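**Student:** Show me how the following folds:
(one chain, ligands or ions: 1)
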Amino acid sequence: MRAQWMRAQRTLARLTLAAVAAMLLALISPAVAQAPEPQAPEPQARSFRGYIESLRPLALARGVSNATFDRALANVAYDVEVARLSRRQPEYGRPVGDYLNAMVAASRIGGGQKRLAAHRGLLDDIEKTFGVPREVIVAIWGIETSFGANQGGKRVIPSLATLAFHHYKGDFARDELLTALRILQDGHIPPERMIGSWAGAMGQPQFIPSSFMRWAVDFDGDGRRDLWTSVPDVLASIGNYLRAHGWQRDLPWGFEVIVPEQFDPRKSRGSFREWVTLGFTRADGGNLPTSNVRDEAILFFPSGARGPAFLVTKNFDVIKTYNISDVYALAVLHLADRLKGRPPFAGRWPAGDVQLSREDRMRIQAALAERGFSPNNRQGMIDFDLRDDIRKMQVQFGMTPDGHPTPEFLARLVR
Ligand code: CA
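**Tutor:** The predicted structure is shown next:
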């Protein structure tokens with residue numbers, strides 16, 4: 001899924017490719033690979049071809065025929081742009097509010113409403129089968145590819161072949177390439193129509209090949225799992241993915257809330273009932289659920305105590321399995337709420353709130369580990385356990401304990 005790819009992209013940007021960056025510049029152009037010159041190819045071109053050919057036994061062992069291998073890879077061209085994109089530093093520092101406004105733009109809300117109406121019967125079936133609200137499924141579809149309009153425009157096989165050649169995240173790209181060949185072998189899509197992002201996230205829901213194998217669904221019953229052109233397959237696959245990752249039917253994902261004046265923000269977890277007792281209310285004036293929701297709700301300040309506050313449940317974390325970022329999950333779920341007719345956020349997003357770079361988030365994790373905490377990862381992925389650790393240190397530093405990592409917090413932590 002895109003989440004893994006984002007992680008892979010960030011890791012690789014610093015590690016493997018940095019070492020071969022100089023070599024990349026000299027690599028063959030696609031035209032050379034498609035139409036070999038009479039003279040001997042450059043050494044790099046030969047090594048790319050040689051690398052591809054070296055995958056054949058692995059592909060055959062996975063049930064890919066020689067014919068499928070050749071059809072997909074005989075003329076495969078090294079993609080300079082993919083190599084370049086894989087080295088790009090991801091954009092950081094965009095304020096949360098700006099990101100959310102862009103993701104949940106009026107045009108996307110309108111587009112989602114149109115799709116909800118157009119696919120009403122289909123969404124009835126999908127909701128019944130997978131137990132995931134239609135608005136959440138349509139929101140992911142809208143945010144990933146603008147409802148299928150922007151699938152990435154890259155052919156998946158050359159992209160993955162290029163990344164595999166560079167040992168993108170170890171064996172990861174290679175394994176995804178071999179899995180993509182298996183998808184071709186099974187006849188779900190011809191290679192020329194297997195379109196996706198430069199990083200191999202495929203089709204309208206942006207599934208990487210291994211996610212396709214595990215969670216893509218043939219919902220229109222034509223025998224093929226077609227995530228490129230079949231809307232029933234696309235929407236059911238998103239529903240199946242979320243169900244498989246633990247989406248709980250009838251559990252709200254969470255709510256924007258008003259924090260009572262007399263509140264000790266060191267508390268971060270409790271049942272909705274507890275939060276109500278403490279004086280929390282929903283920002284849109286509705287009632288927080290106080291019965292039938294046993295699950296813990298976590299108090300979450302996406303841009304710190306100055307900005308909007310949320311109580312979120314495990315279903316919030318399920319969206320993060322699609323893409324690890326907290327603000328991605330918030331964008332999806334807020335868009336879903338808007339599609340249900342709920343109002344925009346009530347709170348104001350602080351204008352100067354920059355999101356920390358991955359490097360800085362990793363520095364926070366390392367520094368917390370040095371102080372005896374046990375971060376769940378050291379790759380810069382922020383989860384709610386880490387936010388609790390941050391709260392504890394904020395108390396020590398005399399800062400507002402909102403669990404929100406800022407440049408000021410980092411400066412205090414590593415001083
Ligand atoms: Ca199908």
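**Student:** near the ion, which residues of the stretch 101-250 of the chain show up?
**Tutor:** By CB under 5 Å from the ion, the residues of the stretch 101-250 of the chain that approach the ion are 218, 220, 222, 224, 226, 230, 233. (C-beta placed from N, C-alpha, C; glycine too.)
**Student:** Who are the contact partners of residue 278?
**Tutor:** Counting by CB atoms under 8 Å, 6 or more residues apart in numbering, residue 278 makes contact with 260, 263, 267, 270.
**Student:** And the residue in the stretch 301-415 of the chain positioned nearest to the ion, how close does it get to residue 208?
**Tutor:** Nearest residue of the stretch 301-415 of the chain to the ion (CB to the ion) works out as residue 322 at 21.2 Å. The spacing between residue 322 and residue 208, counted by CB to CB, to the nearest Å, is 11 Å.
**Student:** Now residue 260. Nearest residue, chain neighbours left out?
**Tutor:** Using CB to CB, 6 or more residues apart in numbering and skipping the chain neighbours, the partner closest in space to residue 260 is residue 279 (3.4 Å).
**Student:** that older thread, neighbour count for residue 322 and residue 208, which is higher?
**Tutor:** A direct count of neighbours by other CB atoms under 10 Å for residue 322 and residue 208 places residue 208 higher, at 27 against 24.
**Student:** Do I have it right that the more buried one meets residue 175?
**Tutor:** No. Using CB atoms under 8 Å as the test, residue 208 is too far from residue 175 to be in contact (10.0 Å).
**Student:** Count the residues that sit near residue 378.
**Tutor:** 12.
**Student:** Please report how far it lies from residue 386.
**Tutor:** 11 Å.
**Student:** just residue 339 next, same as before
**Tutor:** Counting by CB to CB, the gap from residue 339 to residue 386 is 31 Å.
**Student:** So the two - more neighbours on which side?
**Tutor:** More crowded of residue 339 and residue 386, by other CB under 10 Å: residue 339, with 24 against 21.
**Student:** on that earlier part again, give me the element the residue nearest to residue 260 is part of.
**Tutor:** Assignment of secondary structure by DSSP states H and E places residue 279 within no helix or strand.
**Student:** So what's the residue count around the closest residue in space to residue 348 that isn't next to it in sequence?
**Tutor:** In space, and not counting its chain neighbours, residue 348 is closest to residue 307: 7.0 Å by CB to CB, 6+ apart. Neighbours of residue 307 under the rule other CB under 10 Å: 20.
**Student:** Now the common contact residues for residue 378 and residue 386.
**Tutor:** Joint contacts of residue 378 and residue 386 (CB under 8 Å, 6+ apart) are residue 365.
**Student:** ok, what's across the strand from residue 155?
**Tutor:** residue 195 (DSSP bridges).
**Student:** give the contact list for it.
**Tutor:** The contact partners of residue 155, taken as CB under 8 Å, 6+ apart, are 191-192, 194-195.
**Student:** By neighbour count, which of these wins?
**Tutor:** residue 194 (24 neighbours).
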